[in-house]
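Participant: Build the 3D model from these lines:
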Amino acid sequence: MSSYDSLKEALLRRIVSEIVLADSPGEVIKKWREYFNVTQMELANKLKISPSVISDYESGRRKSPGSSFVKRLTKALLEIDEQRGSVVIRQFSPIVKISSDSILDIREFAKPISIEEISKETESEVVACRDLANKKVLGYTVVESLRAITTMSGFDFLQLFGTTTERVLVFVNTRTGRSPMVAVRVASIKPASVLLYGVKQLDPIAVQLAETERIPLMVTKLKSVEELIRRLRRL
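Facilitator: So this is what the prediction gives:
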């Protein structure tokens, strides 16, 4: 399998998983359709169905589609993009390349979610910039902290932002939180918020850096990374 085919397959799995696991699959379908700049009519023609079917799924008027239909729909989006030169598919190349090593989960929300809502869902305490708790974010990336910091280049770090910088970077298995915040401090592009998991004793420097950068910092005490990701996916 070529590197391009591997990229396309990885992106297919990512989109299908995001739609199937979403509480509102129709909203996520619409988000990806618009991201690929495909109209309902174009997608319907590719799938050989009525445009009203796509509209009904996206609006929630029709029952959530099954995984087989979601896979067909996602393949149709990818094929349309290929016909246009794979412009969107190739944008994800750096993300897919590093995801198997450092990224544990990466998703875009179907609608903006406030930092306060994320804090409640993940049982996190906002320890810096509490006045920005109402700020809305559009997605999250869960990163294995030590592996990301020790192996990623500056360019790789930028790929953690997926399709938008308005997201929460979630660093897991960090004991003090200092290293992740130093990495964020020196990065040219900043996340909307940072969430730490695995902190044994929070370093005051991490809080100070977050305050200096005006980046809301959260710390969760959930018992496992799996539980943290499960809760993030519920948002």
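Participant: CA only for contacts and neighbour counts going forward, please
Facilitator: Fine.
Participant: Distance check, the residue positioned nearest the centre of the chain against residue 26.
Facilitator: Central residue of the chain (CA atoms, centre = their mean): residue 107, 2.3 Å from the mean position. For residue 107, the distance to residue 26 (CA to CA, to the nearest Å) stands at 16 Å.
Participant: Quick one: the helices in this protein, in order.
Facilitator: 3-21, 25-35, 40-47, 51-59, 67-83, 87-91, 93-99, 115-121, 145-151, 154-158, 178-186, 204-213, 225-234 (DSSP state H).
Participant: Packing partners of the fifth one?
Facilitator: On a contact count with 3 or more CA pairs under 8 Å, 6 or more residues apart in numbering; DSSP states H and E, helix 67-83 meets helix 3-21, helix 40-47, helix 87-91.
Participant: Now for the chain, the helix or strand with the poorest mean pLDDT.
Facilitator: For the chain, the helix or strand with the lowest mean confidence is helix 93-99, at a mean of 52 (criterion: mean pLDDT, DSSP states H and E).
Participant: what stretches of the protein score poorly on pLDDT?
Facilitator: 1-3, 93-101, 146-164 (pLDDT under 70).
Participant: same thing but 50
Facilitator: 98, 100 (pLDDT under 50).
Participant: Walk me through the domains of it.
Facilitator: The record, using automatic domain parsing to delimit domains, assigns the chain the ranges 3-91, 101-234.
Participant: Determine which stretch of those domains is the most buried.
Facilitator: Among the domains of the chain, ranked by average contacts under mean count of other CA atoms under 10 Å, first place goes to domain 101-234 (a mean of 19).
Participant: For that domain, what is the distance to the chain centroid?
Facilitator: Put simply, domain 101-234 sits 11 Å off its chain's centre (CA atoms, centre = their mean, to the nearest Å).
Participant: May I ask you to name the longest strand in the chain?
Facilitator: With secondary structure taken from DSSP state E, the chain has its longest strand at strand 103-114.
Participant: What strands line up against that one, and which way round?
Facilitator: Neighbouring strands of strand 103-114 in its sheet, by DSSP bridges, are strand 136-144 (antiparallel).
Participant: any residues touching the strand it pairs with, and which ones?
Facilitator: Contacts of strand 136-144 with the rest of the structure, by CA atoms under 8 Å, 6 or more residues apart in numbering, involve 102-115, 160-162, 164, 166-173, 192, 229.
Participant: ok, so what distance separates residue 105 from residue 55?
Facilitator: 29 Å.
Participant: got the helices of the chain as JSON lines, with distance to residue 138 columns?
Facilitator: Below are the helices of the chain laid out as JSON lines (distance: least, CA to CA, whole Å):
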{"stretch": "helix 3-21", "distance to residue 138": "14"}
{"stretch": "helix 25-35", "distance to residue 138": "11"}
{"stretch": "helix 40-47", "distance to residue 138": "23"}
{"stretch": "helix 51-59", "distance to residue 138": "19"}
{"stretch": "helix 67-83", "distance to residue 138": "21"}
{"stretch": "helix 87-91", "distance to residue 138": "18"}
{"stretch": "helix 93-99", "distance to residue 138": "17"}
{"stretch": "helix 115-121", "distance to residue 138": "10"}
{"stretch": "helix 145-151", "distance to residue 138": "21"}
{"stretch": "helix 154-158", "distance to residue 138": "16"}
{"stretch": "helix 178-186", "distance to residue 138": "18"}
{"stretch": "helix 204-213", "distance to residue 138": "19"}
{"stretch": "helix 225-234", "distance to residue 138": "12"}
